[in-house]
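*Asks:* Sequence first, predicted coordinates after that:
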Amino acid sequence: MIYLDNAATTRIGKNSLKRFIDSNERYYGNPSSLHSYGYECEKILKECRKTFGEFIGASPDEVYFTSGGTESNNMAIFGSIKKYECVEVLYSDIDHPSIIGPVEELKKRGVDAIPVVTDNTGSLNLVDLETKLTDRTVLCIFTHVNSELGTLQDMEKICSIIKNCNKSARIHFDCVQSFGKINIDVSRCKVDTLSFSGHKIHGPKGIGGIYVRKGSGLKPIVFGGGQESGLRPGTEPLPLIESFAEALILRSETMDAEYGRIKNLRNKLIEGLKNSIEDIRINSAEKCSPYILNVSIKDIKGEVLLHYLERDKIFISTGSACSSKDKTVDNVVSRLDRDTAYSDGTIRMSFGMFNDETENTFVLEKITEYVNEIRKITRGI
């Protein structure tokens, strides 16, 4: 099997899985319990929190654990809005459904949600951003790495522009696709909150987190116990947190080398596709995460090619898995490029630590073969 849908989810790493099993067997106590065993589990929880804080240049008490990126995004968005009338939110309308969904809900509650213009590569227009910032802007929501195109936004520069125009505006970045892959340092950036998720970096599903800058005053959106300093009540799933921490430890040790290795894989595949297939567009621009490659191929259907490749146990996608079953949601490329001859033939290949050169060669061979086969039908050759 060749799995190239790592932007949707990843295969859990061996060390991460081992730590999950070990934690379930040895440290299944409740970290909030008053007895010594609960205290022992609480110490492990604190150590994990420290691991995450150090990784992004934050204090451990600025890190909160959640069920994943979607919950973290919802916490950041709804927890930042104190009132719904006479306020504005800026966002990008090509972002993940876990951003767009909450924004649509804010609109229903009376918030003015204003999209910031992006170019055809998905990069934010910073002049448009600055123009649209007003004293009514209470929250700006953007994504560090676009989940479909891989477009990498300049988080530090965007935050600086926002704070220079409106110091009280809060800034949230969805870092689910960049966390553990691209360096993030909140000590150098004016971001107020950012989200991350375990299953995108070969950790377990069902665990994520949110960074909340001290003094930001984020409100809880779920109520109950006092866990996670009252911001996210509920018994902490220590085995998942430990497993996620183990995955992050591996990323911290290998991130730079892995970045270069993945970039080399992606660039070779791009070169091969360009040389082998006519009428192909590379939608992932130069300023993109190497972990995501989005291409559009003229006169084919991306979904058809996806199913052809399945026959060889090659698994890719046509866009975000979180919107794939919603037929009212188009892929990002179709919103940026109205040439349906190309945009209908959009596929996304996303890389992880288990992909290698041998797979690349076979994938290129099969994509070329099936594009030619499909075009014989669509072009009537």
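*Replies:* Looks like it arrived, so ask away.

*Asks:* which residues does Asp112 contact?
*Replies:* Val87, Glu88, Val89, Arg136 (C-beta atoms under 8 Å, 6 or more residues apart in numbering). Placement of C-beta: from N, CA and C, glycine included.

*Asks:* The same query, at a cut-off of 7 Å, please.
*Replies:* Residues counted as contacts of Asp112 (C-beta atoms under 7 Å, 6 or more residues apart in numbering) are Glu88.

*Asks:* hey, where'd the helices end up in the stretch 101-250 of the chain?
*Replies:* 126-132, 155-165, 238-276 (DSSP state H, counting those that start in this stretch).

*Asks:* To Ser16, which of the ones you listed lies closest?
*Replies:* Ser16 lies closest to helix 238-276 among these, at 4.3 Å (C-beta to C-beta).

*Asks:* what residues does the helix or strand following that closest one touch?
*Replies:* Using DSSP states H and E, the helix or strand that follows helix 238-276 in sequence is strand 280-282. Strand 280-282 is contacted from outside by Ile270, Leu273, Lys274, Val295, Ser296, Ile297, Tyr342, using C-beta under 7 Å, 6+ apart.

*Asks:* Narrow those to those that are buried.
*Replies:* Burial by neighbour count, 16 or more other C-beta atoms under 10 Å: within the contacts of strand 280-282 this picks out Leu273, Val295, Ser296, Ile297, Tyr342.

*Asks:* Which of the residues you listed fall in helices?
*Replies:* Leu273, Tyr342 (DSSP state H).

*Asks:* Just flag the most distant two among the buried ones among the contacts of strand 280-282.
*Replies:* Greatest spatial distance among those (C-beta to C-beta): Leu273 and Tyr342, at 13.8 Å.

*Asks:* what ranges do the strands span in the stretch 51-200 of the chain?
*Replies:* Here the stretch 51-200 of the chain has its strands, by DSSP state E, counting those that start in this stretch, at 63-66, 88-91, 112-115, 137-143, 170-174, 193-197.

*Asks:* Packed most tightly, which of these would that be?
*Replies:* strand 193-197 (a mean of 29; mean count of other C-beta atoms under 10 Å).

*Asks:* Give the other helices and strands that that one contacts.
*Replies:* helix 69-78, strand 170-174, strand 208-212 (3 or more C-beta pairs under 7 Å, 6 or more residues apart in numbering; DSSP states H and E).

*Asks:* How about residues contacting the first one?
*Replies:* Contact with helix 69-78 is made by 66, 98-99, 102, 139, 141, 172, 174, 176, 193, 195-197, 208-210, 221, 232, as judged by C-beta under 7 Å, 6+ apart.

*Asks:* which of the residues in it are buried?
*Replies:* Neighbour-count burial for helix 69-78 flags Gly69, Thr70, Glu71, Ser72, Asn73, Asn74, Met75, Ala76, Ile77, Phe78 (criterion: 16+ other C-beta under 10 Å).

*Asks:* Kindly list the single helix or strand of this structure that scores lowest on mean pLDDT.
*Replies:* Least confident helix or strand of the chain, by mean pLDDT, DSSP states H and E, is helix 332-336 with a mean of 71.

*Asks:* who are the neighbours in contact with Lys298?
*Replies:* Per C-beta under 7 Å, 6+ apart, neighbours of Lys298: Asp279, Ala341, Tyr342, Gly345.

*Asks:* mind giving me CSV with those residues and columns for pLDDT and distance to Asn264?
*Replies:* CSV is the format used below for these (pLDDT from 0 to 100; distance: C-beta to C-beta, whole Å):
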residue, pLDDT, distance to Asn264
Asp279, 94, 26
Ala341, 84, 31
Tyr342, 89, 27
Gly345, 94, 26
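
*Asks:* Going by distance to Leu126, which of these wins?
*Replies:* The closest of the contacts of Lys298, once distances to Leu126 are taken by C-beta to C-beta, is Tyr342, at 27.1 Å.

*Asks:* Give me the distance between the closest residue to Asn125 other than its chain neighbours and Ser123.
*Replies:* Leaving aside its sequence neighbours, Asn125 sits nearest to Val117 (C-beta to C-beta, 6 or more residues apart in numbering; 4.2 Å). Computed as C-beta to C-beta, to the nearest Å, the Val117 to Ser123 distance reads 10 Å.

*Asks:* now Gly13
*Replies:* Distance from Gly13 to Ser123, counting by C-beta to C-beta: 32 Å.

*Asks:* Please parse the chain into its domains.
*Replies:* As assigned by automatic domain parsing, the chain contains the domains 2-8+255-378, 14-250.

*Asks:* follow-up on the earlier one: would JSON lines of the strands of the stretch 51-200 of the chain with distance to Ser216 and mean pLDDT be doable?
*Replies:* Converted to JSON lines, these look like this (distance: least, C-beta to C-beta, whole Å; pLDDT from 0 to 100):
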{"stretch": "strand 63-66", "distance to Ser216": "12", "mean pLDDT": "98"}
{"stretch": "strand 88-91", "distance to Ser216": "16", "mean pLDDT": "97"}
{"stretch": "strand 112-115", "distance to Ser216": "20", "mean pLDDT": "96"}
{"stretch": "strand 137-143", "distance to Ser216": "11", "mean pLDDT": "97"}
{"stretch": "strand 170-174", "distance to Ser216": "7", "mean pLDDT": "97"}
{"stretch": "strand 193-197", "distance to Ser216": "7", "mean pLDDT": "98"}
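
*Asks:* How about the contacts made by Gly224?
*Replies:* Contacts for Gly224 (C-beta under 7 Å, 6+ apart) come out as Pro233, Gly234.

*Asks:* quick one, phi/psi of it?
*Replies:* Dihedral angles of Gly224 (phi, psi; degrees, to the nearest 10) stand at phi 170, psi -110.

*Asks:* how close does Gly208 get to Ser197?
*Replies:* Per C-beta to C-beta, Gly208 is found 4 Å from Ser197.

*Asks:* quick one: common contacting residues for the two?
*Replies:* Common contact partners of Gly208 and Ser197 (C-beta under 7 Å, 6+ apart): Gly68, Gly69.
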